[in-house]
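Asks: Have a look; sequence and predicted model below, questions after that.
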Amino acid sequence: MNTPNFKISLIIGLIFFTAVSAGAQNKPNKQSKYQWKTAVSAGYLYRYITNDPAKARFYTLKNGLTVILSEHKKEPRITSKIAVRAGSNTDPKEHTGLAHYLEHLLFKGTDKYGSLDWAKEQPLVQEIEERYEQYNKTTDVAERKAMYRGIDSLSVMASKYAIANEYDKLMGAMGGQGTNAHTWVEETVYEEDIPASAVDKFLTVQAERFRNPVFRLFHTELEAVYEEKNESLDNDGWKIQQAMHHYLFPTHNYGQQSTIGTIEHLKNPSLKAIRKYYNDYYVPNNMAVIMVGDFNSDELVKKIDQQMGYMKAAPVKAYQPAAEKPLAGPIVQDIYGPTSESLALGYRISANGTRNALMAGLVAEILSNGKAGLLDLNLSQPQKVLQAGAYTRQYKDYGIFSIYAAPKEGQSLKDVKDLVLAQIELLKTGDFSEVLLKAIVANQKLTALNNITDNASRAEDLMSDYIKSNSKNWIQEVSRIDDLEKVTKAEIVSFSKTFFAHNYVVLNKYKGEGPQVDKVEKPPITAVETNAGSQSDFLKMVGQIPAETIAPKWLDFQKDIQHGKFGAAEIYAVQNKNNQLFRQYFQFEMGKWNSKLLPVAAAYLSFLSHDKKFYELACNFFLNVDNQVTTIGLTGLQENYSKAMQLLKEVLSNGQVDQSAFIAMKENLLKNRQNNKLNKGSMMQAMLSYAAYGKNNPYNFTLTDAEINNLKPEVLIAVLRDLFQYKYSVIYYGPTGLPEYNVLLQANHQVPTQFKAYPEATFFKKLEQNENKVLFTDYNMLQADVSWYRNANVYAPAQEVTADLFNNYFGFGMGSVVFQTLRESKALAYSTSAIYGKPRKKEDQFYVTAFIGCQADKVDDAIQGMNALLNDLPYNEKAFQSAKISLSTNLETERIMEDRIIFSYIDAKRKGLDYDLRKDAYAAIPKISFSDIKKLHQDYFANQAYTYCIVGSQKNLPLTQLSKYGKVESLSLETLFGY
């Protein structure tokens, strides 16, 4: 399914939980703050670390299964990750990609669920397995095509006894959220978020899931993997990542085997090889159950043991690669693709848990922390390059130290590389401030406080350490910030001189066409049966397992929020009783629609060199401009509140013209606008705005390049200085009560006695769509992205819950009608969805949108398949009831807390409400019938005019082919973007 989001997970890892210090740190002395201890509770021995903020318990059951539990009773939900220490590293050489498509198959069920009649299905599944073995040994093209037709025919027969996606139905019925999994180099991880009351159901399902998985509906799922492979071939970021691994690790499988696998291996899968891999690696002594949330550890570990204790331990052959030789010198490679130019430098880090890994992570922060690093201050902010940054990606045996940079207009990648290497030289000579080191530690402490309050972050970090060290290095991760405080400037200089030699990889990413890339061709596939209305006995049994109903908690906006006045401004406050962090926002009900200058002024502000000062206070400041809302945010430690507010005043109210910063901002803005025109995601956003509003729309409502070039910095400074003269509300979440906060605010901020009226806004009227249209934009890609859009009725509060229920049933999630039909049955796409979208304000309209991304040669089938569903809503009473249960359970367990309480209140006010609408929704769900969502579908989906938004290569999608769906309008980039 999805590989991890490295941009986010790596930053989190650097801040708090990345593997760290030397092996000697595994043996703390008796006086150490952090020590491994053992304890016995409720008959189970566990290990823990003193002063661990997560208070994690590490159990090893009799069969070798690792159980890691961290209690966090913030809300009645539990995040679960079941991790296997196996990934693409351990793929057989002749079957790369195997671990990844095994991950997909672990959603297909067993002999007890996912099947209508296993006795009849089993011989067909076995025959399909044998046919694939014969297919893989055959090289004659004609014979292979004939054999594949036979596999396809058998698969259709077998599908008559299969129940597609019954796993997702099981999870949805118990209130599960975020059902997913990912495979990466050393891991395969299965992820869930469940109500605390559903633990017994959840463990019953997971125990069965790993007992005897059946690899049913294989050829359609493999086609989904083909689509995922083709997506990667269209993704320039993926190309850079794969190339970096390949050249840094010429021996290790990190660089020699890709997670998705080669096209040749994907074309020749072996179900026998998949089964062998499962038997070899999916054993309890190579797996962990990691759970974070609202539970009693003593009770939960016993339940896990009762359910998973049946699994039999077995020896696991460890992957033992030959050591990588040092890189002899810079390795330079060129990469081509449709997106903008960029540079990537990569260095090889030592193993997880070494001092080398700790130092690499710290040095990456010195180079780039988004605020005050050497790359930030010396290259990005003065616009010597468009942008630059650094991060580390740590694996078990090695890691990667990456530096990325993008050129300014007209700048060569060689010049960019020279500028980046000059910053590395500053590390070697010690030309950086020790104040920066202290600020890095302070900011990591701040981030640690935020991360520990989040179930998903805790679970991710516990899982990551299990994969890399079998949880042996958790003590290093807990002590990481303390260890960083002891690092001296001299040690950083010494490390940098050794680490940064001529031992790196340079990847020059150019815009253009590289060598011809083969895609995975579309095989002939007959749609399989999904039997969506059927249920296995196992599903019925799980439904009978008792689960305590959790009482929902609705917001009372008058009681849950402290309301006050600050001059002419309204204050909304919620007290933070958990720690000393504060979050404060000044929110204006005006935005880009009121002034095109506002977002440009916000961009200018980011170049005025204030980030470093906020970073040194361990505070974060931002100015965000949306279409109709502008927000000034300030967050950090309460003890630094007054200093941060004085700095905010200096930044906004007393800001001075900086001509060099202004020139840098303009260069950055103009170059980014050009780069947007090379991004297919930006193109699709622009097309959807065009579809909703027409040629003049919010997306292209922006200054022209000429207007930007004619701007004066004095104008932007005036916009910033004048901002607090307009009406705003104050939102505060922090440790002080409203009276004390009001005093602090008055001491650090001035509010006018009377606000100025907002500048007159430009409003955009949504189109009435009376006929089908096709909007097309040409983009060099193997696949095609297709979106549907139409405007619907004006907002009505009572329709929100019907919309939510409809979306759960019809087009959102893996158990939905759209996903089941277009991916599971017809194998037309890797990703697809369709929803009835809700507006943000009472004056706005609901809208219909759908999406499918597929190979270009499947576009006709995909459009026709989606259109059939848009026009005719399939009826499945069991799926509908499951959607109702899921929605009710999610409302019961949802807890809106902290500053989200205030934002919920503001969102409600924008819709004309003064109460928590969820209360009405919860009461309405039992009364909603299928006929209600069918009426919604008939009124706003069926037989309606749509605007099709298509991004793809005109070489693969002739406009004449698209004209059958409506009048085709080929949109220029200038029309889409407004510049």
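Replies: Right, received. Where do you want to start?
Asks: what pLDDT does the residue lying closest to residue 409 once chain neighbours are set aside get?
Replies: Nearest-residue entry for residue 409: residue 671, 5.1 Å, with adjacent residues in sequence omitted and distances by CB to CB, 6 or more residues apart in numbering. Quick note: C-beta positions are derived from backbone N, CA and C, even for glycine. Predicted confidence (pLDDT) at residue 671: the value is 94.
Asks: same deal with residue 267?
Replies: Residue 267 is given a pLDDT of 86.
Asks: Could you do the one 5 residues further on as well?
Replies: According to the model's per-residue confidence, residue 272 sits at a pLDDT of 97.
Asks: swap in residue 233?
Replies: 85.
Asks: and it, how far is that from residue 957?
Replies: As for residue 233, its distance to residue 957 is 17 Å (criterion: CB to CB, to the nearest Å).
Asks: repeat for residue 764
Replies: Relative to residue 957, and taking CB to CB, residue 764 is found at 29 Å.
Asks: And the two? Which one has more around it.
Replies: residue 957 (20 against 17; other CB atoms under 10 Å).
Asks: quick one: secondary structure of that one?
Replies: coil (DSSP: H, G, I helix; E, B strand; the rest coil).
Asks: In contact with it: list those residues for me.
Replies: 776, 784, 856, 859, 950 (CB atoms under 8 Å, 6 or more residues apart in numbering).
Asks: Return the backbone torsion pair for residue 728.
Replies: In terms of degrees, to the nearest 10, the main-chain angles of residue 728 are phi -150, psi 160.
Asks: count of neighbours near it?
Replies: With other CB under 10 Å as criterion, residue 728 counts 23.
Asks: In this structure it contacts residue 568, no?
Replies: No - applying CB atoms under 8 Å as the test, residue 728 and residue 568 come out as separate, 9.3 Å apart.
Asks: what is in contact with the two at once?
Replies: With CB under 8 Å, 6+ apart, residue 728 and residue 568 have common neighbours residue 755.
Asks: Give the closest residue to residue 730 in space, chain neighbours not counted.
Replies: Nearest one to residue 730, counting by CB to CB, 6+ apart, is residue 571 at 4.6 Å.
Asks: That neighbour bridge partners, please.
Replies: residue 564, residue 730 (DSSP bridges).
Asks: check contacts around it.
Replies: Counted by CB under 8 Å, 6+ apart, residue 571 has contacts 562, 563, 564, 565, 729, 730, 732, 738, 741, 742, 745.
Asks: Pull up the per-residue confidence for it.
Replies: 98.
Asks: what does the one 3 residues further on give?
Replies: The predicted local distance difference test score for residue 574 is 99.
Asks: Make sure it is actually in contact with residue 733.
Replies: Yes - if you go by CB under 8 Å, residue 574 and residue 733 touch, sitting 5.1 Å apart.
Asks: anything in contact with each of the two?
Replies: Counting by CB under 8 Å, 6+ apart, the residues touching both residue 574 and residue 733 are 898, 899, 902.
Asks: part of a strand, is the last one?
Replies: If I follow you right, that is residue 902. No - note on residue 902: no strand contains this position according to three-state DSSP, which reports helix.
Asks: how about the strands in the stretch 751-900 of the chain?
Replies: 773-778, 783-794, 831-837, 845-855 (DSSP state E, counting those that start in this stretch).
Asks: Out of these, flag the one nearest residue 641.
Replies: Nearest to residue 641, of all the strands of the stretch 751-900 of the chain, is strand 831-837, at 38.5 Å by CB to CB.
Asks: That closest one packs against which elements?
Replies: helix 799-810, helix 817-818, strand 845-855, helix 859-871 (3 or more CB pairs under 8 Å, 6 or more residues apart in numbering; DSSP states H and E).
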